[in-house]
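Novice: Let me see the structure of the following:
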Amino acid sequence: MHCLRLPARAACRAAWCATTSPTARRRAHASGGGARPSASGGVSEARAALDAAGASAGHAPHPAGAAPPPPPLPPLPPGLYVVATPIGNLHDLTPRAAAVLTGADCVLCEDTRHSGPLLARAAALRAALGPAGLLPAAAPPPAARPPLVSLHAHNEAARTAAVLDRLGAGQAVALISDAGTPLLSDPGGGLVAAAAAAGHAVTPVPGPCAAVAALSAAGLDAGDFLFLGFLPPKSAARRAALARVRGVNAAVVLYVPARSLAATLSDAAAALGPGRQCAVGRELTKRHEEWWRGGLAEGAAAFKEREGGGEGGGGGVRGEVTLVIGRPPGASARAGGAGGAGEDADGSPPPPSSVDAEAALISLLSDGVPPTAAAKALAKALGVSRAGLYSAAVAWKEEQQTGGRGHQ
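Specialist: Residues are numbered from 1 along each chain as shown. This next block holds a predicted model:
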């Protein structure tokens, strides 16, 4: 009986990892051995295993006397892995994300049809980077790839208990969204909170994020920023949400449906000021990536024209849009909001504006206060026209009753 040399032992280990499920590998790893390849097969059998492992990854047989490939990575520890995925360009998938997505026991995703090609890309990346020592040399065969399990806004609550059972059984579970970093305007927050509360490990696997990507290329000297995600679909509610952050000394980052871009820019101009600078990033990292920079009112007019086919009948704006709105005029990136957000330089509150009054009016009306009472209370508190407030209140109520059509 021959003693198994190190290169052959590594080859047997690689072949075993390529044909064994992540759970079985993890159990064998924890038990100190388990169903691992035998060391009694002889040097010739080990050499054959080495050549087979190299061939499965697309490499030539291991030459005699050459340094052995690095040993495979150990199986993923149990826990929930929150994995960022590309926002459009598959080349942005990181090696670590590929390792987690191909090594997990299951992958939670919003749409299994959309995420299938991503897992194929992850398996190919894992195999391609193996010889460099960054990842195991052989990708798992298609049958051994982790199953995709749907988890979206409509079934997250129902799925959470089953996922917690998987985690309790010692499995490694990966969570992804359709694109970018999960939980940022995507489902999964309830699951992550439940997993953490139950004492399971929750591990971030960072990577692409549309908000951060847009902020980095906006050219607005952002410094601090406030991420608001998607605003409400109705114009009045959008304006109210933006008015609440009018005095915040920070950039504002929004995700905007393409069909609502012109209307959102118009509402932002009304709430924050027509000259406030912004940057519109469309289809970031994709082939048709586009940037537009300028004032909010100017942007509203430009994209309104595109919606009407002003650019050669192009059919309006399409794709994924991220909007970055710069700091208030005159604010510096490191001022820290001198005197506090929403205060003048001497620390006194600024005089009330029509934006402040509109935001307060909508808040009262949303709480069920009648238009007459809301207008009377605000006119006295802010020193503005009661008649104007009442007209605005009636218009807002009518818009709510008609579903806010014309502002989508």
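
Novice: from here on, contacts and neighbour counts on C-alpha atoms
Specialist: Noted.

Novice: Going by neighbour count, list what's buried in the helix or strand where Ser391 lies.
Specialist: Using DSSP states H and E, the secondary-structure element containing Ser391 is helix 386-401. Buried residues in helix 386-401, counted by 16 or more other CA atoms under 10 Å: 386, 389-390, 392-393, 396-397, 399.

Novice: Pull the number of nearby residues for Asp105.
Specialist: 24 (other CA atoms under 10 Å).

Novice: ok, it touching Gln171?
Specialist: Yes. Using CA atoms under 8 Å, Asp105 is in contact with Gln171, at 6.0 Å.

Novice: Report the separation between the two terminal residues of stretch 220-227.
Specialist: 15 Å (CA to CA, to the nearest Å).

Novice: now what about it, what contacts it?
Specialist: Identification of contacts with stretch 220-227 by CA atoms under 8 Å, 6 or more residues apart in numbering yields 211, 215, 249-254, 277-279, 326-327, 333-334.

Novice: which ones among those residues are found in strands?
Specialist: 251-254, 277-279 (DSSP state E).

Novice: Touching, Pro328 and Arg276? I think so.
Specialist: Yes. The pair Pro328 / Arg276 is scored as a contact, 6.7 Å apart, by CA under 8 Å.

Novice: would you list every one of the helices in this structure?
Specialist: With DSSP state H applied, the chain shows helices at 6-18, 22-31, 42-56, 95-103, 112-128, 156-168, 189-197, 210-217, 235-243, 261-272, 296-307, 354-366, 371-382, 386-401, listed in chain order.

Novice: separation between Glu307 and Tyr255?
Specialist: Distance of Glu307 to Tyr255, computed by CA to CA: 18 Å.

Novice: Please report phi then psi for Pro328.
Specialist: As for Pro328, its main-chain torsions (degrees, to the nearest 10) stand at phi -60, psi 150.

Novice: what angle sits between the helix holding Ser391 and helix 235-243?
Specialist: Relative orientation of helix 386-401 with respect to helix 235-243: 120 degrees, computed using axes from the mean of the first three to the mean of the last three CA atoms, to 10 degrees.

Novice: pLDDT averaged over helix 386-401 - what is it?
Specialist: For helix 386-401, mean pLDDT is 80.

Novice: One more: stretch 374-383?
Specialist: Regarding stretch 374-383, the rounded mean pLDDT is 75.

Novice: May I have the distance across stretch 84-99, first residue to last?
Specialist: End-to-end span of stretch 84-99 (CA to CA): 13 Å.

Novice: Please identify the buried residues of that stretch?
Specialist: Across stretch 84-99, burial judged by 16+ other CA under 10 Å covers 84-88, 93-94, 96-99.

Novice: before we move on, back to that, report the buried members of the contacts of stretch 220-227.
Specialist: For those, a burial check counting by 16+ other CA under 10 Å picks out 211, 215, 249-254, 277-279, 326-327, 333.

Novice: Tell me which two in those are the farthest apart.
Specialist: Maximum pairwise distance in the buried ones among the contacts of stretch 220-227, criterion CA to CA, is 19.0 Å, between Leu254 and Ala333.

Novice: What number of residues are in the vicinity of the closest residue to Ala98 other than its chain neighbours?
Specialist: Excluding the flanking residues, the one nearest Ala98 by CA to CA, 6 or more residues apart in numbering is Ala122, at 4.4 Å. Applying other CA under 10 Å, we find 24 residues neighbouring Ala122.

Novice: Could you check the pLDDT of Ala122?
Specialist: For Ala122, pLDDT reads 88.

Novice: do you know how far it is from Glu305?
Specialist: In terms of CA to CA, Ala122 sits 41 Å off from Glu305.

Novice: just to revisit the earlier point, pLDDT added to the buried ones among the contacts of stretch 220-227, as TSV?
Specialist: Shown next, in TSV, are the buried ones among the contacts of stretch 220-227 (pLDDT from 0 to 100):
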residue	pLDDT
Ala211	95
Leu215	95
Asn249	90
Ala250	92
Ala251	94
Val252	96
Val253	96
Leu254	97
Gln277	95
Cys278	96
Ala279	97
Gly326	94
Arg327	91
Ala333	58
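
Novice: Would you convert those into a markdown table that also reports distance to Ser266?
Specialist: Shown next, in a markdown table, are the buried ones among the contacts of stretch 220-227 (distance: CA to CA, whole Å):
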| residue | distance to Ser266 |
| --- | --- |
| Ala211 | 21 |
| Leu215 | 21 |
| Asn249 | 21 |
| Ala250 | 20 |
| Ala251 | 18 |
| Val252 | 15 |
| Val253 | 16 |
| Leu254 | 14 |
| Gln277 | 13 |
| Cys278 | 12 |
| Ala279 | 14 |
| Gly326 | 15 |
| Arg327 | 17 |
| Ala333 | 25 |
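
Novice: which among these gets closest to Ser150?
Specialist: Ala211 (24.4 Å).

Novice: Surely the closest one touches Val321?
Specialist: No. Applying CA under 8 Å as the test, Ala211 and Val321 come out as separate, 10.0 Å apart.

Novice: Residues that sit against both of those two, list them.
Specialist: Common contacts of Ala211 and Val321 (CA under 8 Å, 6+ apart): Tyr255.

Novice: Could you list the low-confidence segments of the stretch 201-350 of the chain?
Specialist: Along the stretch 201-350 of the chain, the parts satisfying pLDDT under 70 run over 309-315, 331-350.

Novice: residues near Thr203, how many?
Specialist: Number of residues near Thr203 (other CA under 10 Å) recorded here: 13.
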